[in-house]
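Visitor: I would like to see how this sequence folds:
(one chain, ligands or ions: 2)
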Amino acid sequence: MSKTFSLAELSDLAGASRDQVQAWATEGRLGALGKDDAGRPSYGFEQAERAVALGGRATRRRFSVVNQKGGVGKTTTVFSLSAAFAALGRRVLCVDLDAQANLTSSFGFDPDGLDLTSENLITDERVRAEDVILETGIEGVHLIPADIKLCRADVKIHEMFMRELILQNKLRHLFSHYHVVLYDCPPNLSKVTINALLASDEVIVPVETQSYSIKALSDLTNTFSLIRQKLSHALRVWILPTKVDRTSSLAAEFLAALDQAFAERLLPPVSADAEVVKAPMFFEPVTRAFPETRAAREYMRLARFLVLPDAERDAKARASDRLTPLDDAPRPPA
Ligand SMILES: Nc1ncnc2c1ncn2[C@@H]1O[C@H](COP(=O)(O)OP(=O)(O)OP(=O)(O)O)[C@@H](O)[C@H]1O
Ligand SMILES: [Mg+2]
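Guide: Ligands and ions are numbered 1, 2, ... in the order given. Have a look, this model is predicted:
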């Protein structure tokens, strides 16, 4: 189902007044408008995307979502954020790089029934990105799917020329087409993960607040520093607490410790929420299946933050209220 946008939403996305957005619509600068059931003009993804561009807010971002620990919320983060970015008028490419292919299944594809996947893209010189990209059920979101063959990708590319840069070289010409590229990485630091890191500018490290040590996290971020040095590739690293139990004092203590250790690199957390687990049964992320739940609103807040222009984002990352939990009160209608 396509999302429609209100005039207020477009004005918010563009950072422009409603009058300005309406003027763009009248001048035809938002493309051909649809009609709602009552025959009034309606705004869809194309209008949102154009409004973002006209408002000068079309930033380009490429994120690897990485943690060698399994089950911390990597795939959930990619799935939820992809829909959240599209709801902000951003064109998104998701790349499933995990042989478990959970992201591919989440979007409703059967990994065993696909002709070409990210494994072919990475291991076969003849396969181009255009050959493997699928449209998903979410307007504005495309997917490069994965399948079990990826298990052997590391072995296959071992002898290949510039093996860390295969993904970057295959995808580079598409980077200007998408506002956001999201790589869902396997729970290891394999060559495939290194490929994703080198095709990204930023890394999001989801962490569970129950069971993770700051030391293990620091070791992981040191790996990114090593990549920076050895491969001359700068990466901005973000830590994302996931599945946060707001009632647990242990989780609160862990969040405080993360804040101490990572300061402005710590992203606003995502709460533990049963709807997050339920949503993929409908082949939808929580942001679409249950948009009013806490985790959905937290992923939306995160997406808004991540696409801010650099200076605004830096200022917000340092702001004292950046980790304030969202309140549970129902929101007033837009
Ligand atoms: N905010 C949340 N609240 C409750 N459950 C969550 C939340 N985020 C993720 N989960 C659940 O945790 C489990 C693991 O999440 P997910 O598959 O995203 O982790 P992952 O890091 O991608 O795992 P893997 O390393 O195996 O690829 C899933 O069952 C998912 O539904
Ligand atoms: Mg996963």
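
Visitor: For the residue nearest to Leu114 when sequence neighbours are not counted, which residues are in contact?
Guide: In this structure, Leu114 finds its nearest non-sequential neighbour in Pro145, 5.5 Å apart by CB to CB, 6 or more residues apart in numbering. From N, CA and C alone the C-beta is placed, and that goes for glycine too. Counting by CB atoms under 8 Å, 6 or more residues apart in numbering, Pro145 makes contact with Asp96, Ala101, Leu103, Thr104, Phe107, Phe109, Pro111, Leu114, Thr117, Ser118, Val132, Leu134.

Visitor: from this protein, which residue is nearest to ligand 2?
Guide: Residue nearest to ligand 2 within the chain: Thr75 (3.3 Å; CB to the ion).

Visitor: Next, count neighbours for that residue.
Guide: Thr75: 24 surrounding residues under other CB atoms under 10 Å.

Visitor: same thing with Asp321?
Guide: By the criterion of other CB under 10 Å, Asp321 has 7 neighbours.

Visitor: repeat for Thr117
Guide: Neighbour count for Thr117, taken as other CB under 10 Å: 26.

Visitor: wait, Phe85 sits on Ala303?
Guide: Yes. Counting by CB atoms under 8 Å, Phe85 touches Ala303, with 5.1 Å between them.

Visitor: So which of these two has more stuff around it?
Guide: Phe85 (29 against 22).

Visitor: element containing Leu30, please.
Guide: Counting by DSSP states H and E, no helix or strand carries Leu30.

Visitor: Next up, phi/psi of it, please.
Guide: Main-chain dihedrals, Leu30, degrees, to the nearest 10: phi -100, psi 10.

Visitor: That one - how many residues pack around it?
Guide: Neighbourhood size, Leu30 [other CB under 10 Å]: 24.

Visitor: now the lowest-mean-pLDDT helix or strand in the chain, how far from the centre of its chain.
Guide: Least confident helix or strand of the chain, by mean pLDDT, DSSP states H and E, is helix 214-230 with a mean of 82. Distance of helix 214-230 from the chain centroid (CA atoms, centre = their mean, to the nearest Å) equals 21 Å.

Visitor: Please apply the same query to stretch 279-287.
Guide: Centre-to-centre, stretch 279-287 and its host chain are 15 Å apart (CA atoms, centre = their mean).

Visitor: Format the CA atom coordinates belonging to it as CSV.
Guide: Extracted C-alpha coordinates of stretch 279-287, given in CSV (Å, rounded to 0.1, in the frame of the first residue of the first chain):
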residue,chain,number,x,y,z
ALA,A,279,5.5,-7.0,12.5
PRO,A,280,7.5,-9.2,10.1
MET,A,281,4.7,-11.8,10.2
PHE,A,282,2.9,-9.2,8.1
PHE,A,283,6.0,-8.7,5.9
GLU,A,284,6.1,-5.2,7.3
PRO,A,285,8.5,-3.4,9.7
VAL,A,286,7.1,-2.1,12.9
THR,A,287,7.1,1.5,11.6
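
Visitor: All set, thanks.
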